[in-house]
Structures are given as C-alpha cells and as structure tokens.
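K.L.:
Sequence isn't available, so here's the structure alone:
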C-alpha cells in the first residue's frame, strides 16, 4: 500500500478511532476530524503522540478546510445508535446530507478517493434474508429510525452521483452490527448494554421477546475490510459484517455466561420498526476483496468484556 494522507471524519468515534490506529500502523498520515457530539477525546488519546496523527475539532456540516494534500477521505461521521439519533435527529440528517456533500466536494477539489461508511440500516426491516447489496430495502421514511436510515440512503445516492458526474473515486461500505473496545456504555446497542448490565449484576434488558436476530462482527475484522476496499477500484456498495446469525436472547445468555454474572433476563416492549432479522450476504466482499471475518464471537466478546471491566463503575 502506497503511503498517503487520510482524512477520517468521525475519527474519534468507536469505529473511526480503530481505523485511525490501523492506518497509522501502516505508516500513513492521519488527519482525524470530529466534533465530539457523540464521541470522546479518550478514544484517540493514545494516538496523539504519533507524529503522523493530526486532530481537527470540526463539525462536517460546516465548511471544511484542510491545508494539505489528501489522498483519501473516509466519512465515518454520524450518530450511529438509536439513542443518539433520537436525541440528535436533525443533526443526523444534516451530517448525512450536508456533511457528506461537504466531504465529497473536498474530495473533488483535492482529487482524493472517498469512502462512505453506510449501514445495514439502509435495508430497514428487511423482507429479504440475508441482505444482499442489490436489495433496495424496506424502510419507513417517517418512522422513529428514519433520520438515520434515510440520511444514509441519501448519502449513498450522493456518493454515487459524485462518482458518475464528477469522476470522484468513491467506495461505499454497508456496516452490519460491529462490536469491540471503545463502544459507549449507554449508546443503546445490544452488546454494550448487555455487558454493562451483566458486569453490574443488573437485569439484562431485551426489547421484544428476544427472537429477533443480529450478526456481530468484531471491529478488527471490519477495519480490515475497510482497508481492503479502499485499495480497490470498486464503486458499488459492499456489505461488511459477520454472517453468523444469532438471536438477541442467545446473545444475552452468552454474555451472562462469559461474565459469570448472576443477572437475570427481563423483557421490555419492542420499539417501532426495530428490524426482526439482520444478516449480511458477504458474497461480494469475498469475491471483490477476498475478505471474510476471522475473529470468533467468543474471542471478540472476551476482549470487549475485558475493556468494559475497566470502564464500568458500580453505581
């Protein structure tokens, strides 16, 4: 891989911070941009001593100026959990639209390659299972999740049109459920919620009856797939995720076992439009990138639990 300068928007977030670290390990220069609306400076503190790391505190919905050449622009800037985009609904839609437009314009002016971090949420509550990239989705455009789903769908459309109209070298990844160290404790997603509750000995809360399924990919595998796609000339969306599907009830029981917790499972009403099934078809990733996840769930969860033990404090 030729050494280059990467702008990582949302670089202080969960996935973004791991991506910044991986790029630095490969010897690249990283310009990390983040507003800290849903992230934390703690995620990048360990990177600040690296001479190839530079941080800019900035919100991408405002005009972006970077006074150096850029080879790649990676857009990971967006609230990504149900709690966050419920709280920051208008901002989420601005990031997906105005923010993506600003970054694409910067990529065009810098003659840089552009990668959009999209999401499996573009498939909505899917009627096709597993989800392939040629499936258009089943999305409620005015539902409680719409601010995130539609922002990402718009961002994908904008990315494609910049490629076709202006010749910007674009890539799109659709991220399925990903987990690992640096997830926020109270971001509303299953794994951090289950782990923190189990470590505290609290009831582990499942919304619905627990029969809904998810497929969980460890963050190191995801980052590896992102780097592989960034090196290609492929412009169509690519699913990145782990196709090993399990129910949320199975996940909760497994986390209780791994943490050796005495927590009990309790059930709460299922939120509106919560997807019943989520599983990626990764055939395209295998063919185009030669990629598939390698980290077993037990290994990934143990690493994640070890990290959560350092940050979960008794109430």
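P.N.:
Happy to help now that I have it. None of these values were measured; they are calculated from a predicted model.
K.L.:
average pLDDT for the lengthiest helix in the chain?
P.N.:
In the chain, taking DSSP state H as the definition, the longest helix is helix 146-166. Mean pLDDT, computed over helix 146-166, is 97.
K.L.:
Distance from that helix to the middle of the chain?
P.N.:
Remark: helix 146-166 is offset 16 Å from the chain centroid, using C-alpha atoms, centre = their mean, to the nearest Å.
K.L.:
That one - contacts with which helices or strands?
P.N.:
Counting contacts by 3 or more C-beta pairs under 8 Å, 6 or more residues apart in numbering; DSSP states H and E, helix 146-166 packs against helix 82-87, helix 89-94, helix 100-110, strand 113-119, strand 170-175. In short, each C-beta sits where N, CA and C put it, glycine included.
K.L.:
nearest to residue 256, of the ones you listed?
P.N.:
helix 82-87 (22.5 Å; C-beta to C-beta).
K.L.:
Pull out the buried positions in that closest one.
P.N.:
If you call a residue buried by 16 or more other C-beta atoms under 10 Å, then helix 82-87 has these buried ones: 82, 84, 85, 86.
K.L.:
Same question for stretch 257-266.
P.N.:
Residues of stretch 257-266 classed as buried: 258, 259, 261, 263, 265 (neighbour count, 16+ other C-beta under 10 Å).
K.L.:
TSV please, covering those and showing distance to residue 275, secondary structure and pLDDT.
P.N.:
As requested, the buried residues of stretch 257-266 are exported to TSV (distance: C-beta to C-beta, whole Å; DSSP: H, G, I helix; E, B strand; the rest coil; pLDDT from 0 to 100):
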residue	distance to residue 275	secondary structure	pLDDT
258	25	helix	97
259	26	helix	96
261	27	coil	95
263	25	coil	95
265	20	strand	96
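K.L.:
Of all pairs in the residues you listed, which one is the farthest apart?
P.N.:
It's 258 and 265 that sit farthest apart of these, by C-beta to C-beta, at 14.6 Å.
K.L.:
so which helix or strand takes in the nearest residue to residue 292 once chain neighbours are set aside?
P.N.:
What sits nearest to residue 292 in space, not counting adjacent residues and going by C-beta to C-beta, 6 or more residues apart in numbering, is residue 286, at 5.7 Å. Assigned by DSSP states H and E, residue 286 belongs to helix 283-289.
K.L.:
That concludes my questions; thank you for your assistance.
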